[in-house]
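Q: Fold the following.
(chains A and B)
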Amino acid sequence: LAKTTQPISMDSYEGQEVNITCSHNNIATNDYITWYQQFPSQGPRFIIQGYKTKVTNEVASLFIPADRKSSTLSLPRVSLSDTAVYYCLGGGDYKLSFGAGTTVTVRA
Amino acid sequence: NAGVTQTPKFQVLKTGQSMTLQCAQDMNHEYMSWYRQDPGMGLRLIHYSVGAGITDQGEVPNGYNVSRSTTEDFPLRLLSAAPSQTSVYFCASTMNTEAFFGQGTRLTVV
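A: Residues are numbered from 1 along each chain as shown, chains lettered A, B, ... in the order given. Next up is the predicted model:
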């Protein structure tokens, strides 16, 4: 399982774009990079997953450079309801390894 | 479609008591797993299963047992509860590296 490092916390304001960068220097060739979101008192929820380049869905974008040693989750125009903990995971199977994540606080 | 259902949502146990946390999924996923989350920390893998009849240990298995008699159910048993097992427990079922989590069971051992 790839070891990931991400900032402990980030603050933002409503309407801004939030970018969270995760480093995963030892990611294996077959590993995907996956991001989860967790609200208080709830289980984590899958946001987005990618292998390389850029992936976009209705919630976020994920940018992965060619060397795959890092990735950036981009949340466009955040709202108060985006306040949550965001986890970056590197792996290729069902055994997930969660770090402490990044606590994103969105203020009005 | 209920997804992953955990029961109970809250539980208080006395030290030494045993109990079973229930987890059921209706997505026909082969892979299921149990995690615990302590305050301010990420989730840690307790046990996992790759299919009915097959289980294995995760990162923190001591004090817990699991079984997988059907694809749908993956109960977690606490053999003799200890205060160190006070935590929030999450069950997940996984398909193609995307995990679906239950709402969690908040367990307090006094």
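
Q: residues near the closest residue in space to residue B:16 that isn't next to it in sequence, how many?
A: For residue B:16, ignoring the flanking residues on the chain, the nearest one in space by C-beta to C-beta, 6 or more residues apart in numbering or on different chains is residue B:80 at 5.4 Å. Using the backbone N, CA and C atoms, a C-beta is placed for each residue, glycine as well. Counted with other C-beta atoms under 10 Å in any protein chain shown, residues neighbouring residue B:80 total 11.

Q: Surely residue B:57 touches residue B:34?
A: No: using C-beta atoms under 8 Å, residue B:57 is not in contact with residue B:34; the gap is 10.7 Å.

Q: When the two are compared, which one has more neighbours?
A: Taking other C-beta under 10 Å, residue B:57 and residue B:34 do not tie; residue B:34 has more neighbours (29 against 13).

Q: separation between the more buried one and residue A:70?
A: 30 Å (C-beta to C-beta, to the nearest Å).

Q: go on, residue A:97?
A: Residue A:97 sits at a distance of 17 Å from residue A:70 (criterion: C-beta to C-beta).

Q: hmm, back to that, residues shared between the contacts of residue B:57 and residue B:34?
A: When C-beta atoms under 8 Å, 6 or more residues apart in numbering or on different chains defines a contact, the residues bordering residue B:57 and residue B:34 alike are residue B:47.

Q: about what we covered before: the residue nearest to residue B:16: what secondary structure?
A: Going by DSSP: H, G, I helix; E, B strand; the rest coil, the secondary structure assigned to residue B:80 is coil.

Q: what sits against it?
A: B:16, B:17, B:18, B:63.

Q: what's the answer for residue B:8, then?
A: B:21, B:22, B:105.

Q: how about a cut-off of 7 Å?
A: residue B:105 (C-beta atoms under 7 Å, 6 or more residues apart in numbering or on different chains).

Q: Could you check the pLDDT of it?
A: Looking at residue B:8, its pLDDT stands at 97.

Q: which phi and psi does it have?
A: phi -80, psi 170 (degrees, to the nearest 10).

Q: Next one: it from residue B:38, what distance?
A: 19 Å.

Q: One more: residue B:24?
A: For residue B:24, the distance to residue B:38 equals 25 Å [C-beta to C-beta].
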